[in-house]
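Novice: curious how this folds, go ahead:
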Amino acid sequence: MGSSSKNIEQAQECCYLEWMSLQSQRIPELKQLLAQRRSHGDEDNDNKLRELTGKIIGDFKNYAAKRADLAHRCSSNYYAPTWNSPLENALIWMGGCRPSSIFRLVYALCGSQTEIRVTQFLRNIDGYESS
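Specialist: Next comes the predicted model:
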């Protein structure tokens, strides 16, 4: 089981590094297009900026999808990746990305029905019949 966990951790780290590599390739291109836009302001440049922005957003969507897929196998690294430094994890936490935020979101989306269903679920586990 330890080996499987380590493999998932490595896959998550690889996914992150791949995304960061894509970002490091896109940033100089983005800076160049923005500099050209400031100096020239042509419409062709705006189209290139839209395309590049679409690619960057697509890269992030792919990263998020891969990360979500890997989170199904090991969710603890989703909130505090082991490849992050303690400072990065602290900044993530201070920035509001806490596990409790997920529970609050689910509760807000599901409303008070969540509390009723949890109570019913717990009663079924304890052997009580739900009425």
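
Novice: how about the helices in this structure?
Specialist: 2-39, 43-71, 76-79, 86-94, 99-110, 113-126 (DSSP state H).

Novice: now those helices in TSV, with mean pLDDT and mean neighbour count?
Specialist: In this view, the C-beta of every residue, glycine as well, is placed from N, C-alpha and C. TSV is the format used below for the helices of the chain (pLDDT from 0 to 100; neighbours: other C-beta atoms under 10 Å):
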stretch	mean pLDDT	mean neighbour count
helix 2-39	83	13
helix 43-71	85	13
helix 76-79	64	16
helix 86-94	75	12
helix 99-110	67	11
helix 113-126	72	11
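
Novice: okay, domains of the protein per the record?
Specialist: Under the assignment the TED database, the domains of the chain span 1-97, 98-130.

Novice: would you mind writing the CA trace of stretch 23-32 as CSV?
Specialist: Taking C-alpha atoms only, stretch 23-32 is exported to CSV below (Å, rounded to 0.1, in the frame of the first residue of the first chain):
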residue,chain,number,x,y,z
GLN,A,23,3.4,27.8,-18.0
SER,A,24,7.1,28.7,-18.2
GLN,A,25,6.8,28.3,-22.0
ARG,A,26,3.7,30.4,-22.3
ILE,A,27,4.7,33.3,-20.0
PRO,A,28,7.5,34.7,-22.3
GLU,A,29,5.2,34.5,-25.3
LEU,A,30,2.4,36.2,-23.4
LYS,A,31,4.8,39.0,-22.3
GLN,A,32,6.0,39.5,-25.8
